[in-house]
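S.K.: Here's my sequence, what's the structure:
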Amino acid sequence: MKSHENDEIDLEDGKLEKDKDRPIRSKGVVRIQNEALLSGLAYCISSCSMILVNKYVLSSYDFNAGISLMLYQNFISVIIVSTLSFLGVISTEPLTWRLIKVWLPVNFIFVGMLVTSMFSLKYINVAMVTILKNVTNVITAVGEMYLFQKDHDSRVWAALFLMIISAISGGITDLSFHAVGYAWQIINCFLTASYSLTLRRVMDTAKHVTKSGNLNEFSMVMLNNTLSLPLGLILIFVFNEVDYLSRTPLLRLPTFWFVVTLSGFLGLAISFTSMWFLHQTGATTYSLVGSLNKIPLSVAGILLFHVPTSLQNSASILFGLLAGVFFARAKMRERSQS
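M.R.: The predicted structure is shown next:
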């Protein structure tokens, strides 16, 4: 990703604002827009799969060590990326101390985002996680306005307001309401918004302290997951998961290890595709798509995990979907007028 000062890239629109050679500019726009679509699709598939598998491990297996699950998933990602880099299939930047210092703040947010997501999924059904995720869009839009001077028109704010209404109505009509789970999910919304906003700025800063002067997606995945390992180990002891792991019979089940290992591969996929997608778009679009793709996922979550629901609760989920569609239309109109 080029620097803002040198190339004036609008990450929200996924296109170059100026270029001396207009024909080349047109080809570049098509290429970047297609890459944004591809990265968005990959992000949606990996994100949906990751949530379903995590929910299955935490609820169906009744696994009470969410931090340990996160740690194992990140460890799998580190092993895979390191192996591919060693074989020369991909290239990654060396983990220098200067790079680690730049990346460490966003990594703390990354770990917090993953941990709170695990805790909320333990108590809340997938459908309500979907609706509550809409709160992230509002937080992200406000953050973009103050951090990146990104203005949004009245239609965008109206759509974001509808998302808040759908989240509130969803919580009120939730037949399996759990206060602890909702608290973790609200914290997760703030951390997710902070992650997407902070990552945009850190990506530009970090590449200036690398040896090559560039920082690709695999290098960022390697950074995030490697730095999360020592922090995850500390949290395992803080939350006393070691005692639980020593007693649970789940660790002796081959099928359990197969599922959690699969979740590790999905963790790598979502780490890569989320950074790839954020590279091609902006934080608000990234957050919006992350919410919209979980709307059909919520239906699958209700059916697969036999979640008790009601007409009112189903209506709130549909309301959230319509708010997302309204938001997308407002963003397209805002973009065409800019």
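S.K.: residues near I45, how many?
M.R.: 15 (other CB atoms under 10 Å). C-beta coordinates here come from the backbone N, C-alpha and C atoms, glycine included.
S.K.: so it is in which element?
M.R.: helix 22-55 (DSSP states H and E).
S.K.: what residues does whatever helix or strand comes next after that helix touch?
M.R.: Tracing the chain past helix 22-55, the next element assigned as helix or strand by DSSP H and E is helix 66-86. Residues outside helix 66-86 that contact it (CB atoms under 8 Å, 6 or more residues apart in numbering): 54, 57-58, 63, 90-92, 111, 114-115, 118-119, 121-122, 218, 221-222, 224-226, 228-229, 232-233, 235-236, 239, 241, 245, 260-261, 263-268, 271.
S.K.: Just the ones of the residues you listed in strands?
M.R.: The members of the contacts of helix 66-86 all map outside strands under DSSP state E.
S.K.: sorry, back to before: for the helix holding I45, the averaged confidence score.
M.R.: Average pLDDT, helix 22-55: 69.
S.K.: so which strand or helix has the residue nearest the centre of the chain?
M.R.: Residue closest to the mean C-alpha point of the chain, counted by CA atoms, centre = their mean, is S274 at 6.0 Å. Taking DSSP H and E as the criterion, S274 maps to helix 254-280.
S.K.: hmm, back to that, the residue lying closest to the residue nearest to the centre of the chain once chain neighbours are set aside: how many residues sit nearby?
M.R.: Among residues not flanking S274 along the chain, Y43 sits closest, at 5.7 Å (CB to CB, 6 or more residues apart in numbering). Other residues near Y43 come to 25 when the count uses other CB under 10 Å.
S.K.: Do I have it right that Y43 meets F277?
M.R.: Yes. Counting by CB atoms under 8 Å, Y43 touches F277, with 4.3 Å between them.
S.K.: thinking in terms of the whole chain, how far from its middle is stretch 106-118?
M.R.: In this view, stretch 106-118 has its centroid 10 Å away from the chain centroid, taken as CA atoms, centre = their mean, to the nearest Å.
S.K.: hey, where'd the helices end up in the stretch 201-338 of the chain?
M.R.: Taking DSSP state H, counting those that start in this stretch as the test, the helices found in the stretch 201-338 of the chain are 217-238, 241-247, 254-280, 283-292, 294-304, 311-337.
S.K.: Out of these, flag the one nearest I168.
M.R.: Closest of the helices of the stretch 201-338 of the chain to I168 is helix 311-337, at 8.6 Å (criterion: CB to CB).
S.K.: what about the closest one, average pLDDT?
M.R.: On average, the pLDDT along helix 311-337 is 71.
S.K.: if we can go back for a sec, export the helices of the stretch 201-338 of the chain as CSV, with columns for distance to S166.
M.R.: As requested, those are arranged in CSV below (distance: least, CB to CB, whole Å):
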stretch, distance to S166
helix 217-238, 31
helix 241-247, 34
helix 254-280, 23
helix 283-292, 10
helix 294-304, 10
helix 311-337, 4
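S.K.: Need the winner for burial among those helices.
M.R.: helix 283-292 (a mean of 26; mean count of other CB atoms under 10 Å).
S.K.: looking only at pLDDT, what's the mean for that one?
M.R.: Throughout helix 283-292, pLDDT has a mean value of 66.
S.K.: swap in stretch 109-121?
M.R.: The model assigns stretch 109-121 a mean pLDDT of 91.
S.K.: Ok, stretch 203-220 next?
M.R.: According to the model, stretch 203-220 has a mean pLDDT of 82.
S.K.: in which helix or strand would I find I100?
M.R.: helix 97-123.
S.K.: Spit out the contact partners of the closest residue to A206 other than its chain neighbours.
M.R.: The shortest distance from A206 to any non-neighbouring residue, by CB to CB, 6+ apart, is to V102 (4.8 Å). Counting by CB under 8 Å, 6+ apart, V102 touches V202, T205, A206, V209.
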